[in-house]
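Trainee: Starting from these lines, generate the structure:
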Amino acid sequence: MSIKSSRPSASKPVLPILFVDDEPTTHLIIKNHLKGWNVKSAYSAEEALDILNKHHILIVITDISMPGMDGITFLREIRKTRGIIQVIIVTASDRIDDLINAFEAGATDFLLKPFKKEDIEEALENIVSKINRWKATMKTLFEKRRRVNLENIFPLDD
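Mentor: Take a look at the predicted model:
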């Protein structure tokens with residue numbers, strides 16, 4: 001079963017997304033842009049790490065500039081133990097170093113604020129497609145492994 005990326009339906013789950021930003025206004029914009037998506041919110045990287053410890057989340061959207069732990073440090077923390085999580089960095093900064101640091105730390109995508117609804121949706125659609133390909137590949141690999149294990153238990157006569 002593939003992961004549905006837009007509006008929820010009874011037959012397919014919507015992949016949860018964690019949005020991290022210290023600005024309440026940006027949370028309102030994201031909730032408006034991503035109506036129908038399953039979005040959890042955190043107002044700091046520390047709060048976000050706590051949420052990641054309690055919930056199965058594969059997509060994080062985070063700001064760079066936040067009090068306490070910044071978005072790049074948060075991304076590095078995610079990469080230490082949860083390498084599969086896809087992280088979109090958002091920022092109002094126009095510093096090229098931020099872009100370079102984000103990708104060096106393992107960002108999946110990078111968006112400048114203010115971003116359009118279409119930009120965030122396109123980034124999420126790309127990630128969901130990637131996750132669906134991973135799932136299909138894992139399913140194929142598990143099936144191959146299962147067949148090999150069965151053949152070891154019950155050898156087929158030629």
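Trainee: what's the weakest-modelled helix or strand in this protein?
Mentor: helix 117-153 (a mean of 86; mean pLDDT, DSSP states H and E).
Trainee: name the helices or strands packed onto that one?
Mentor: helix 24-33, strand 59-63, strand 86-91, strand 109-112 (3 or more Cβ pairs under 8 Å, 6 or more residues apart in numbering; DSSP states H and E). The way it works is simple: take the backbone N, C-alpha and C, and place the C-beta from them, glycine included.
Trainee: what's the distance between the first one and the middle of its chain?
Mentor: Centre-to-centre, helix 24-33 and its host chain are 17 Å apart (Cα atoms, centre = their mean, to the nearest Å).
Trainee: Kindly report the same for the last one.
Mentor: What separates the centre of strand 109-112 from the centre of its chain is 13 Å, taken as Cα atoms, centre = their mean.
Trainee: what's the answer for the second one, then?
Mentor: Averaging C-alpha coordinates over strand 59-63 and over its chain gives two centres that are 7 Å apart (Cα atoms, centre = their mean).
Trainee: how about that strand: buried residues?
Mentor: Neighbour-count burial for strand 59-63, counted by 16 or more other Cβ atoms under 10 Å, picks out 59-63.
Trainee: That strand packs against which elements?
Mentor: Against strand 59-63 (3+ Cβ pairs under 8 Å, 6+ apart) you get strand 16-20, helix 45-54, helix 71-81, strand 86-91, helix 117-153.
Trainee: repeat for the last one
Mentor: Contact partners of strand 109-112 among helices and strands, from 3+ Cβ pairs under 8 Å, 6+ apart: strand 86-91, helix 96-105, helix 117-153.
Trainee: For N38, find the nearest of these.
Mentor: Comparing the helices and strands packed on strand 109-112 by their distance to N38 (Cβ to Cβ), the top pick is helix 117-153, with 11.3 Å.
Trainee: Enumerate every residue touching T108.
Mentor: The neighbourhood of T108, defined by Cβ atoms under 8 Å, 6 or more residues apart in numbering, consists of 86-88, 123, 127.
Trainee: Apply 7 Å and report the result again.
Mentor: By Cβ atoms under 7 Å, 6 or more residues apart in numbering, the residues touching T108 are 86-88, 127.
Trainee: what's the closest of these to I29?
Mentor: Using Cβ to Cβ, the contacts of T108 come closest to I29 at I88, 14.3 Å.
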